[in-house]
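Undergrad: I'll drop the sequence and a predicted model, then ask my questions.
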Amino acid sequence: MAQVNVTINGRAYQIACDDGQEQHLAALAAYVDQRVGELTVAMGQIGDARLLVMVSLLIADELADAHAAGAAGVPQSATLPASDEATLADGIDALARRIEEIAARLEAA
C-alpha cells in the first residue's frame, strides 16, 4: 500500500492508497485544495471542518450535475431505462436541494 503526502488548506496529510494510484490521489487532493482556496477567498478562514464540509458539498453537487448531464460520454439511454432515468433525475434534484440547504445553513452559521 502506497502513502501520499498531500496538503489541503496549508495542512499536510498522509493518505494511503493502492500502489500505482499515487498521482491520481495527488491530483484529487490538489483539486480539493484549489476548491478550498476558492471558498476561503470568498468566505475567509471559517475553520477546517466547515471548509471541508462545504467543499465536499460543492464537489458532490458537481458530481450530481455531471451524472445528470451524462458527462461520462455514455448516452443516458444506454445506461438506464427511461423510467429509471426520471427516478434518478428526481433523486439527484432532491439531493442538490438538500446540499444547497446545508450550504446555506453553514454559510449562515
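TA: Cool, got the structure. Residues are numbered from 1 along each chain as shown.
Undergrad: need the contact list for residue 9.
TA: 33, 36-37, 40, 48, 51-52 (CB atoms under 8 Å, 6 or more residues apart in numbering). Bear in mind the C-beta positions are built from the backbone N, C-alpha and C, glycine included.
Undergrad: Rebuild these as JSON lines, extending it with neighbour count and distance to residue 61.
TA: Formatted as JSON lines, the contacts of residue 9 follow (neighbours: other CB atoms under 10 Å; distance: CB to CB, whole Å):
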{"residue": "33", "neighbour count": "17", "distance to residue 61": "18"}
{"residue": "36", "neighbour count": "20", "distance to residue 61": "15"}
{"residue": "37", "neighbour count": "15", "distance to residue 61": "18"}
{"residue": "40", "neighbour count": "15", "distance to residue 61": "18"}
{"residue": "48", "neighbour count": "13", "distance to residue 61": "20"}
{"residue": "51", "neighbour count": "21", "distance to residue 61": "16"}
{"residue": "52", "neighbour count": "16", "distance to residue 61": "15"}
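Undergrad: Flag every buried residue along stretch 45-54.
TA: Residues 51-52, 54 are the ones in stretch 45-54 that count as buried (16 or more other CB atoms under 10 Å).
Undergrad: Tell me how far it lies from the chain's centre.
TA: 14 Å (CA atoms, centre = their mean, to the nearest Å).
Undergrad: and which of the buried residues of stretch 45-54 is nearest residue 27?
TA: Of all the buried residues of stretch 45-54, residue 27 sits closest to residue 52, with 17.8 Å by CB to CB.
Undergrad: Quick check: the closest one touching residue 36?
TA: Yes. Residue 52 is within contact range of residue 36, at 7.1 Å (criterion: CB atoms under 8 Å).
Undergrad: shared neighbours of those two, anything?
TA: With CB under 8 Å, 6+ apart as the test, residue 52 and residue 36 both reach 8-9.
Undergrad: just to revisit the earlier point, just the buried residues of stretch 45-54: which are in helices?
TA: 51-52, 54 (DSSP state H).
Undergrad: got TSV for these, with distance to residue 65 and pLDDT too?
TA: Output for these, formatted as TSV (distance: CB to CB, whole Å; pLDDT from 0 to 100):
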residue	distance to residue 65	pLDDT
51	21	86
52	20	87
54	17	87
